[in-house]
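> predicted coordinates and the sequence they were generated for:
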Amino acid sequence: MRKSPELSHSTVHRLTLDSKVLKGNLLGDPSERLIDVYVPAGHDGKNLPLLVDLVGFTAGGPVHTNWKNFSENLPERLDRLIGSGAMKPCVVAFPDCFTRLGGNQYVNSSAMGNWDDFLLRECVPFVEGKFGCGGFGRRGVFGKSSGGYGAMVHALLHPDFWSAAAVHSGDMGFELMYQQDFPKVLRALAKAGGSTGKWVDQFWSAPKVKDSDIHVIMVLAQAASFDPAPSEPYGVRLPIDMHTCEFIEERWNNWLSWDPLAMARTHGEGLKTLKALYIDCGDVDQYNLVYGARRMHRLLQRLDVPHTYEEFPDDHSSVDYRMDVSLPLLAKALSRDGISLSAGS
């Protein structure tokens, strides 16, 4: 049952891509990956813009195409937006980028795998070749939380590849996000004798996953993304003294170099080539991300980078409704009669 059964039905194709860049990854994750692809009703995908959905931590792309009980999944949302004329037609790809450490930051890592390469060199060309969509100047990336981080970092690193990005509640301002979590991580690891490898093995063998464990494995995944140590179990080393929780400056600096706020200082000029950049965050985000978002907005204003910034009265959870704002903006910008933004709007 669909929330709005009267809407025209799109088609969601389920593809499988056997990745070359993910083969032999340290985590032992499968290189064969599902990619769900949304094609709007009345279209075969040809000559439409392409949007790529990067999901948040603990999820894989196909979670957004799953049936939902009291709300819309993303294909239903797109059907409503496109069917009502609020959004121009586009193809949307949902790649599965889930990992043994619970999620992804969508960057290359000697521990997590080369996920940046997967998206740019394999996933997008694969989808574009199948459906005749996207291409130069007509590709956009969007996501929330870790997916918002991925969208922001990809826009910073690859403005020659992506032409639009939407960043919902994206990770930025690492010292506000992560520093409060390290004592909790140490207490959790202590129950496994201080062994990261043993803790992860116990996590996967447990009959039930606790909410507190999700935050622990999230920090381990960030460590494997931002400061990978391939010689360590699961490629994880923390940027702290395991006994005193004091920060190890060199390792913590490796994390901070991946903070979008730091990256924007060296790569921000490239964002000026984007056709659209959208950033939002809830004003009571429980992970303190609104402060990083405000800092990014202020920095982009100083750099004269055109973008749209919005805050809304909510926290970090269940905010997919914000896509009603961002996705029409991206689709219009990438269409043949696309728009451009004024700086700091």
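Nice, I can see it.
> got the contact list for residue 168?
The neighbours of residue 168, taking CB atoms under 8 Å, 6 or more residues apart in numbering as the test, are 142-145, 147-148, 280-281, 319, 322-323, 326. Any C-beta I mention is one placed from the backbone N, CA and C, and that applies to glycine too.
> hmm, try it at 10 Å
By CB atoms under 10 Å, 6 or more residues apart in numbering, residue 168 lies in contact with 56, 142-145, 147-148, 151, 278-282, 289, 293, 316, 319-320, 322-323, 325-326.
> give the burial count for residue 157, as a bare number.
A count of nearby residues for residue 157, using other CB atoms under 10 Å, gives 17.
> repeat for residue 288
So residue 288, with other CB under 10 Å, has 15 neighbours.
> distance of residue 256 from residue 234?
Using CB to CB, to the nearest Å, we find residue 256 at a distance of 22 Å from residue 234.
> tell me the secondary structure for residue 133?
coil (DSSP: H, G, I helix; E, B strand; the rest coil).
> residues contacting residue 246?
Counted by CB under 10 Å, 6+ apart, residue 246 has contacts 182, 239-240.
> related to what we said a few turns ago, which of the contacts of residue 168 count as buried?
Buried members of those, counted by 16 or more other CB atoms under 10 Å: 56, 142-145, 147-148, 151, 278-282, 289, 293, 316, 319, 322-323, 326.
> so which of the residues you listed belong to helices?
147-148, 151, 289, 293, 323, 326 (DSSP state H).
> the closest residue to residue 62 other than its chain neighbours sits in which helix or strand?
Sequence neighbours aside, residue 36 is the residue nearest to residue 62 in space, at 4.9 Å (criterion: CB to CB, 6 or more residues apart in numbering). Assessed by DSSP states H and E, residue 36 sits inside strand 32-39.
> following that strand, which helix or strand comes up?
strand 50-54.
> which strands and helices sit next to that following strand?
strand 32-39, strand 91-95, helix 124-131, strand 139-144, helix 146-157, strand 164-168, helix 323-334 (3 or more CB pairs under 10 Å, 6 or more residues apart in numbering; DSSP states H and E).
> which one of those lies nearest to residue 115?
For residue 115, the closest of the helices and strands packed on strand 50-54 is helix 146-157, at 8.2 Å, according to CB to CB.
> output the closest one as PDB, nothing but the C-alphas.
The C-alpha trace of helix 146-157 is given here as PDB (Å, rounded to 0.1, in the frame of the first residue of the first chain):
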ATOM      1  CA  SER A 146      27.000  10.900   6.900                       C
ATOM      2  CA  GLY A 147      25.400  11.100   3.500                       C
ATOM      3  CA  GLY A 148      25.300  14.900   3.800                       C
ATOM      4  CA  TYR A 149      29.000  14.700   4.700                       C
ATOM      5  CA  GLY A 150      29.600  12.700   1.600                       C
ATOM      6  CA  ALA A 151      27.700  15.200  -0.600                       C
ATOM      7  CA  MET A 152      29.600  18.100   0.900                       C
ATOM      8  CA  VAL A 153      33.000  16.400   0.500                       C
ATOM      9  CA  HIS A 154      32.300  15.300  -3.000                       C
ATOM     10  CA  ALA A 155      31.200  18.800  -4.000                       C
ATOM     11  CA  LEU A 156      34.500  20.100  -2.500                       C
ATOM     12  CA  LEU A 157      36.700  17.500  -4.100                       C
END
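> average pLDDT across it?
The average of the pLDDT scores along helix 146-157 is 98.
> contacts only, for the most centrally placed residue in the chain.
For the chain, residue 147 is the residue whose C-alpha lies nearest the centre (CA atoms, centre = their mean; 1.3 Å). Taking CB under 10 Å, 6+ apart, we find residue 147 in contact with 52-57, 59, 61, 64, 97, 103-106, 141, 166-171.
> for residue 210, same thing?
Residue 210 is in contact with 188, 203, 216, counting by CB under 10 Å, 6+ apart.
> three-state assignment of the second one?
Reducing the assignment at residue 203 to three states with three-state DSSP gives helix.
> okay, now it: neighbour count?
For residue 203, the neighbour count with other CB under 10 Å is 20.
> surely it meets residue 188?
Yes: the criterion here is CB atoms under 10 Å, and residue 203 meets it with residue 188 at 9.5 Å.
> who touches both of those two?
Among the neighbours of residue 203, those also in contact with residue 188 (CB under 10 Å, 6+ apart) are 210, 213, 216-217, 220.
> what about those, which are in helices?
If you go by DSSP H, those have 213, 216-217, 220 in helices.
> among those residues, which one lies nearest to residue 25?
Distance to residue 25 across those (CB to CB) is lowest for residue 220, with 15.7 Å.
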